[in-house]
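Colleague: Sharing a sequence plus its predicted fold:
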Amino acid sequence: MHLTGRGLSDLLHLFYPHNCEGCGTDRVLQDQLLCAKCRQQLPATGFFGIADNPVERIFYGRCRVAAAASLYYFTKHSLLQHILVQLKYRGNRDAGTYLGRMMGHALRNTSRFAGVDMLIPLPLNEQKEYRRGYNQSAVIAHAIAGVWHKKVVTDAVTRNRFTETQTHRNRIGRWQNMQDVFDVTNAAVLANKHILLIDDVVTTGATLEACGSAILRAGAILSIATAAYTN
Ligand SMILES: [Zn+2]
C-alpha cells in the first residue's frame, strides 16, 4: 500500500489515541475530538427540533427560510470558541468534522429538515480559502453528510471576490454590496430543490441572507444550519 503524507497521518490518527482538544489531558480515541466531559460542556441550543427558534427569527422579513437552526450557543473564551479558532485559524479540520458530525445527528433526529435534498456550504472568499487550505463550511458539510446521507454541492453557488470587504461603507451600502457577493452558477441544480445552506457561525445573518437570497432566486427552497449561534 502506498500512502501519501496526509493518508499516513490519517491512518495513524485513526489507531492512536491523542489528547482531548478541550481539556488537553484526557486521552481520546480515534476520530474523537473531545472527551466525554468536554463534549457535555458544549452548550447545545436544541434549536434543530424547535420551530420559530431565535435563528429562524433572524431571517424573518429578510429571506424566506423553511427551517433554520444552530447547534451550540457561542460565548467568548469558551470551549466552542476554541474549537472554532482551531477550525478557522489553526488548520484543524478535525474541529470542523466534529461539529459537522454533531450537526448531522441533530438533523437526523428531527422531522423539520426531512425534506432537504442537498447541502451547500457557504462559499468562502477565494483568497481566504487559499490561505486556509480549505473552506471550513465545506468541512462541516461533508461531516454532516457522513452522518446524514445527503449530497454536498459545492459548484452551484460562487462568491464574487470583487464586491467584498468594503467595511467603511454605511449600513445600507454594505447591504446593497452584500447582494452582489454571491452568484448562482448552476441554477438547474437548485431549481425546485430543498437546499440546506451550511456555515460555521450565524451572527447578524447578513452573509447567509445574501447567499440564501441567491439560492431562492434560482427557484429553490431554503433552510439554514450553523454550528454556532451568537446574538
Ligand atoms: Zn476533555
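Modeller: Looks like it came in fine.
Colleague: Toward the C-terminus from the lowest-mean-pLDDT helix or strand in the chain, list the very next helix or strand.
Modeller: One helix or strand of the chain scores below all others by mean pLDDT, DSSP states H and E: helix 5-15, with a mean of 58. The C-terminal neighbour of helix 5-15 among helices and strands, as given by DSSP states H and E, is strand 18-19.
Colleague: Give me the residues contacting the helix or strand following that following strand.
Modeller: The first helix or strand that comes after strand 18-19 along the chain, using DSSP H and E, is strand 27-28. Applying Cβ atoms under 8 Å, 6 or more residues apart in numbering, the contact partners of strand 27-28 are 17, 18, 19, 20, 34, 35. (C-beta placed from N, C-alpha, C; glycine too.)
Colleague: cool, stretch 81-99 as well?
Modeller: 21-22, 31-34, 71, 74-75, 132-134, 136, 139-140, 142-143, 200-201, 227-228.
Colleague: Show me just the buried residues among those residues.
Modeller: 21-22, 32-34, 71, 74, 132, 136, 139-140, 142-143, 200-201, 227-228 (16 or more other Cβ atoms under 10 Å).
Colleague: and the ion, which of those contact it?
Modeller: Filtering the buried ones among the contacts of stretch 81-99 for proximity to the ion by Cβ under 5 Å from the ion leaves residue 22.
Colleague: Show the residue spans covered by the strands in the chain.
Modeller: With strands called from DSSP state E, the chain shows them at 18-19, 27-28, 68-73, 118-121, 151-152, 157-159, 182-184, 194-202, 221-229.
Colleague: With mean pLDDT added, can I get these in a markdown table?
Modeller: Output for the strands of the chain, formatted as a markdown table (pLDDT from 0 to 100):
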| stretch | mean pLDDT |
| --- | --- |
| strand 18-19 | 84 |
| strand 27-28 | 82 |
| strand 68-73 | 98 |
| strand 118-121 | 98 |
| strand 151-152 | 98 |
| strand 157-159 | 93 |
| strand 182-184 | 94 |
| strand 194-202 | 98 |
| strand 221-229 | 98 |
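Colleague: Turn those into CSV, columns for distance to residue 93.
Modeller: Listed next are the strands of the chain as CSV, based on distance: least, Cβ to Cβ, whole Å:
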stretch, distance to residue 93
strand 18-19, 14
strand 27-28, 16
strand 68-73, 18
strand 118-121, 13
strand 151-152, 15
strand 157-159, 20
strand 182-184, 24
strand 194-202, 12
strand 221-229, 14
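Colleague: need the contact list for the residue lying closest to residue 224 once chain neighbours are set aside.
Modeller: Leaving aside its chain neighbours, residue 224 sits nearest to residue 68 (4.1 Å; criterion: Cβ to Cβ, 6 or more residues apart in numbering). Each residue near residue 68 by Cβ under 8 Å, 6+ apart is listed here: 47, 53, 55, 56, 58, 59, 223, 224, 225.
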